[in-house]
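*Asks:* Sharing a model that was predicted from the sequence below.
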Amino acid sequence: MPAPSLITLTTDFGTGSPYIAQMKGVILTLCRDVDLIDITHAIGPQNIREGAVVLADTTPYFPPGAIHVAVVDPGVGTARRLIYAEIREQRYVAPDNGLLSFLIRHKPPRRIVAIENGAFWRTKPSNTFHGRDILAPVAAHLALGVDPVQLGPALDTCVMLDAALPQKSRKGVRGEVLYVDSFGNLITNLTRDDFSDLGDMARLTVECAGRAIRGLIPTYGAAIPGELVALLDSQGRLEIAVSGGHAASELAVGMGQAVLVTANL
Amino acid sequence: MPAPSLITLTTDFGTGSPYIAQMKGVILTLCRDVDLIDITHAIGPQNIREGAVVLADTTPYFPPGAIHVAVVDPGVGTARRLIYAEIREQRYVAPDNGLLSFLIRHKPPRRIVAIENGAFWRTKPSNTFHGRDILAPVAAHLALGVDPVQLGPALDTCVMLDAALPQKSRKGVRGEVLYVDSFGNLITNLTRDDFSDLGDMARLTVECAGRAIRGLIPTYGAAIPGELVALLDSQGRLEIAVSGGHAASELAVGMGQAVLVTANL
Amino acid sequence: MPAPSLITLTTDFGTGSPYIAQMKGVILTLCRDVDLIDITHAIGPQNIREGAVVLADTTPYFPPGAIHVAVVDPGVGTARRLIYAEIREQRYVAPDNGLLSFLIRHKPPRRIVAIENGAFWRTKPSNTFHGRDILAPVAAHLALGVDPVQLGPALDTCVMLDAALPQKSRKGVRGEVLYVDSFGNLITNLTRDDFSDLGDMARLTVECAGRAIRGLIPTYGAAIPGELVALLDSQGRLEIAVSGGHAASELAVGMGQAVLVTANL
């Protein structure tokens, strides 16, 4: 007996929103033999960029073949497309609004399909909740073994968000805060590779919001309580944290804040 | 092999409350072959009306035979009854305090049973947590195939909340805010049928908290950012929203606020 | 066919943190046939004591053999150990920082093992997220049937938190607030046994933060709305509550606040 299909959900509905359970009910009514996993429902309302970061950070940890349903969908009911995409070994259903950008930047999709075939939708889908009325039943049908070619026509591309790419200069490298995690840590778009030519990590300077941090530490535990520190996060990205505190509040910064890494003189 | 039973949980314990996991542990200890789904644990503390709205909005999306456990129970430990009810194809266990009202208003229950047979409870149930000590084990026993007639005597009726029914007048129709969703959208008790005699939806006026909205729009995407709009929600009810904003905060209103729909002159 | 293994997660990541889903993805990639249950992710950041209370309060409700993964880990990346422990019929993987203290105080562990064998970890574990890179894959391997002796060397003891034991005096018994639940109720470290020699519960006085409560009531429903009351909670501990309100806010107290129980004169 094969393992049941795995379907994950990522939305901006807010933790505890009953809309999440409506989607789960729709899926389970069509396909009872499925495991449902919540990635998060705490994406900022209509914050496509945050959703794109979270999808790129979490879905690659899932088993091959997992179906990821993403609903951050300010354009619901307008002409924006819904898409099915295969990226690495994972499958995605989402609005075509850039939610898959950061996944695709790392790896071109194996396939993109426009979701247009109403045969796999709920009858009479609402104008305001395509997550429940189109994406959830499409995911359930995929779990039942429907071939993605049946969903609609193949596409060559999908909507991509502007990329904030690190900028190298004579002084060092400039990046930005990509994401604030639930501890208030600032996750940046800079990885070790971006500043490897600047020398020993313990001798770098990280500047953010007028504050300068001298040297990266190897782990949280190496900080003095209350200290503002920089380190590599669990995905290899530069992170700025306050030991036992909340860096985003203390520095009063958020997503998009500039971060500069330079070699110490 | 039949699918495992499905048990959902709806409580006012607060997301992250360990009491939820206590209930799940009790269920899984009695019946390992069950799928557990959280509907929400973010019902306002002891807010029976909100719980009743959420149960009516979400549980009909679940597969026939699902067992829904609802715990919003300010009367725990007093003489209030606990009940089992069958409504449409769904099964419910809940305190008899009106939690099932909005489900029952749409469809009379097929059966109501008083939960009185302690054989299906935890031994020595506490006075303060019947959700864990009575409702959770009863749900597990139902999942195991116990016949509901064994739970206790049949009942003819259960407690019903006062209904806020739309009031028609010469001017139009008056309803109220039934629910504020996690985006701050105001969901009302008015459906398309309630104002179908007032003519074209694009030419109606919706009044709420001293603000007048001219015409319903077809979907969120048709609004200007920041605009106060009215539209039909994904269940066909009149909804008041601020595009990209939080209508409940902006209008400073909540559950129970009056809403008036009139034909434009 | 045996039931799939059960793995629970208890963390301080914050509800909705995508780090939770990363752990689940790692587990499911190694062991697809597992049921995942969230105990809570709302432990206060790095609050080991709160985590220890929650684990002791909830995990005993789970079926024998359940695997409980606990990640409240301010020392991640330092020399602190990670441990596997068997307590009663339950299995735990956690940092060795006192998280299992309140479980162990009630019942000595049957076995403790230091988690040192990297064969069961993700390759190249990060310095900052051992929950995902070590504890999650270890739990998955245990679910697959790996013998705990393979994880590392046996230990005699693990780190224990200071115990706040009730202090008896001539006047009565002094304890403290162990935990504030999501309703704002104050759960104390005093049980019925601690004040059984003080006579009838209805005639005791409970003092907390300068307020005196006369007599324990049998259940919430026996209180006048807004009244400050004391009662035995669903685990038999003394609890201080405000009927329909939030005792912690009203008394402006939290974990550690002294509570005195005396016999009425």
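*Replies:* Noted; the coordinates are in hand. What you are looking at is a predicted structure, and each value in this text was computed from that prediction instead of being measured. Residues are numbered from 1 along each chain as shown, chains lettered A, B, ... in the order given.

*Asks:* least trustworthy helix or strand in chain A by mean pLDDT?
*Replies:* helix A:101-106 (a mean of 88; mean pLDDT, DSSP states H and E).

*Asks:* How about the secondary structure of A:S126?
*Replies:* Judged by DSSP: H, G, I helix; E, B strand; the rest coil, the three-state class of A:S126 is coil.

*Asks:* Tell me how many other residues crowd it.
*Replies:* By other CB atoms under 10 Å in any protein chain shown, 18 other residues sit near A:S126. In this view, the C-beta of every residue, glycine as well, is placed from N, C-alpha and C.

*Asks:* In terms of helices and strands, where is the residue nearest the centre of chain A?
*Replies:* For chain A, the residue sitting closest to the mean C-alpha position, by CA atoms, centre = their mean, is A:V54 at 2.2 Å. Using DSSP states H and E, A:V54 sits within helix A:48-58.

*Asks:* all strands for the stretch 51-200 of chain A, in order.
*Replies:* Taking DSSP state E, counting those that start in this stretch, the strands of the stretch 51-200 of chain A run over residues A:67-71, A:82-87, A:90-95, A:111-114, A:154-155, A:167-168, A:172-180, A:186-191.

*Asks:* which parts of the stretch 101-250 of chain A sit against chain C?
*Replies:* A:181-183, A:218-222, A:231-236, A:239, A:244 (CB under 8 Å from any CB of the partner chain).

*Asks:* who wins for neighbours among those residues?
*Replies:* A:E239 (26 neighbours).

*Asks:* three-state assignment of that residue?
*Replies:* Using three-state DSSP, the secondary structure recorded for A:E239 is strand.

*Asks:* residues in contact with it?
*Replies:* Residues in contact with A:E239, defined by CB atoms under 8 Å, 6 or more residues apart in numbering or on different chains, are A:185-188, A:230-233, C:128.

*Asks:* can we see that at 10 Å?
*Replies:* A:177-179, A:181, A:185-188, A:190, A:206, A:216, A:220, A:229-233, A:247, C:128 (CB atoms under 10 Å, 6 or more residues apart in numbering or on different chains).

*Asks:* now do A:D193
*Replies:* Contact partners of A:D193, counting by CB under 10 Å, 6+ apart, are A:166, A:236.

*Asks:* With A:R237 as the reference, measure out to it.
*Replies:* 10 Å (CB to CB, to the nearest Å).

*Asks:* can you list the weak-confidence ranges in chain A?
*Replies:* Residues of chain A that meet the criterion pLDDT under 70 lie in A:1-2, A:265.

*Asks:* Please enumerate the helices of it.
*Replies:* A:18-30, A:48-58, A:101-106, A:130, A:136-143, A:247-251 (DSSP state H).

*Asks:* Export only the CA atoms of the longest one, formatted as PDB.
*Replies:* As requested, C-alpha coordinates have been extracted for helix A:18-30 and formatted as PDB (Å, rounded to 0.1, in the frame of the first residue of the first chain):
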ATOM      1  CA  PRO A  18     -11.700  28.900  10.000                       C
ATOM      2  CA  TYR A  19     -11.000  29.400   6.300                       C
ATOM      3  CA  ILE A  20      -8.100  27.000   6.800                       C
ATOM      4  CA  ALA A  21     -10.400  24.300   8.000                       C
ATOM      5  CA  GLN A  22     -12.800  24.900   5.100                       C
ATOM      6  CA  MET A  23      -9.900  24.100   2.700                       C
ATOM      7  CA  LYS A  24      -9.000  21.000   4.700                       C
ATOM      8  CA  GLY A  25     -12.700  19.900   4.600                       C
ATOM      9  CA  VAL A  26     -12.800  20.300   0.800                       C
ATOM     10  CA  ILE A  27      -9.600  18.300   0.400                       C
ATOM     11  CA  LEU A  28     -10.700  15.500   2.800                       C
ATOM     12  CA  THR A  29     -14.100  15.200   1.200                       C
ATOM     13  CA  LEU A  30     -12.500  14.500  -2.200                       C
END
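
*Asks:* just checking, what packs against it?
*Replies:* strand A:5-11, strand A:34-40, strand A:67-71, helix A:136-143, strand B:5-11, strand B:34-40, helix B:48-58 (3 or more CB pairs under 10 Å, 6 or more residues apart in numbering or on different chains; DSSP states H and E).

*Asks:* What number of residues are in the vicinity of A:G65?
*Replies:* 14.

*Asks:* Now do the contacts for it.
*Replies:* For A:G65, the contacting residues are A:3, A:5-6, A:86, A:89-91, A:142-143, by CB under 10 Å, 6+ apart.

*Asks:* Distance check, the nearest residue to A:L30 once chain neighbours are set aside against A:V34.
*Replies:* Spatial nearest neighbour of A:L30, excluding adjacent residues (CB to CB, 6 or more residues apart in numbering or on different chains): A:A140 at 3.7 Å. Noted for A:A140: a distance of 7 Å to A:V34, by CB to CB.

*Asks:* same question, A:G14
*Replies:* 23 Å.

*Asks:* Can you report how many residues lie near the nearest residue to A:G175 once chain neighbours are set aside?
*Replies:* With CB to CB, 6+ apart as the criterion, A:G175 has its nearest non-adjacent residue at 3.9 Å, and that residue is A:L190. Using other CB under 10 Å, A:L190 is surrounded by 25 other residues.

*Asks:* Check the one 4 residues further on too.
*Replies:* The local packing count at A:D194 equals 21, with neighbours defined by other CB under 10 Å.

*Asks:* Hmm, A:L178 and A:A258 touching each other?
*Replies:* No: using CB atoms under 10 Å, A:A258 makes no contact with A:L178, being 12.0 Å away.

*Asks:* can you list residues touching both of these two?
*Replies:* A:164, A:188.

*Asks:* higher neighbour count, those two?
*Replies:* Counted by other CB under 10 Å, A:A258 and A:L178 do not tie: A:L178 has more neighbours, with 25 against 15.

*Asks:* For the more buried one, give its distance to chain C.
*Replies:* For A:L178, the distance to chain C (CB to the nearest CB, to the nearest Å) stands at 13 Å.

*Asks:* do A:V159 as well
*Replies:* 22 Å.

*Asks:* Now for that residue: which residues touch it?
*Replies:* A:48, A:80-81, A:83, A:95-101.

*Asks:* ok, how many other residues are close to A:L165?
*Replies:* 11.

*Asks:* how far away is the closest residue to it other than its chain neighbours from chain C?
*Replies:* Excluding the flanking residues, the one nearest A:L165 by CB to CB, 6+ apart is A:N189, at 7.6 Å. According to CB to the nearest CB, A:N189 stands 16 Å off from chain C.

*Asks:* what sits against the closest residue to chain C within the stretch 151-265 of chain A?
*Replies:* The nearest approach of the stretch 151-265 of chain A to chain C comes at A:T219, 2.6 Å away (CB to the nearest CB). A:T219 is in contact with A:229, A:231-232, C:75-78, C:126-128, C:130, counting by CB under 10 Å, 6+ apart.

*Asks:* One more pass at 8 Å, please.
*Replies:* Here A:T219 is in contact with A:231, C:76-78, C:127-128 (CB under 8 Å, 6+ apart).

*Asks:* pretty sure A:V229 contacts A:S243?
*Replies:* Yes: at 6.2 Å, A:V229 and A:S243 qualify as touching, with contact defined as CB atoms under 8 Å.

*Asks:* Now the common contact residues for the two.
*Replies:* With CB under 8 Å, 6+ apart, A:V229 and A:S243 have common neighbours A:220, A:223.

*Asks:* neighbours around A:A79, how many?
*Replies:* A:A79: 6 neighbours (other CB under 10 Å).

*Asks:* For it, give me phi and psi.
*Replies:* The phi and psi torsions at A:A79 (degrees, to the nearest 10) take the values phi -80, psi 0.

*Asks:* Check the gap between it and chain C for me.
*Replies:* 30 Å.

*Asks:* Isn't the residue nearest to A:L30 up against A:L36?
*Replies:* No: counting by CB under 8 Å, A:A140 stays clear of A:L36, with 10.5 Å between them.
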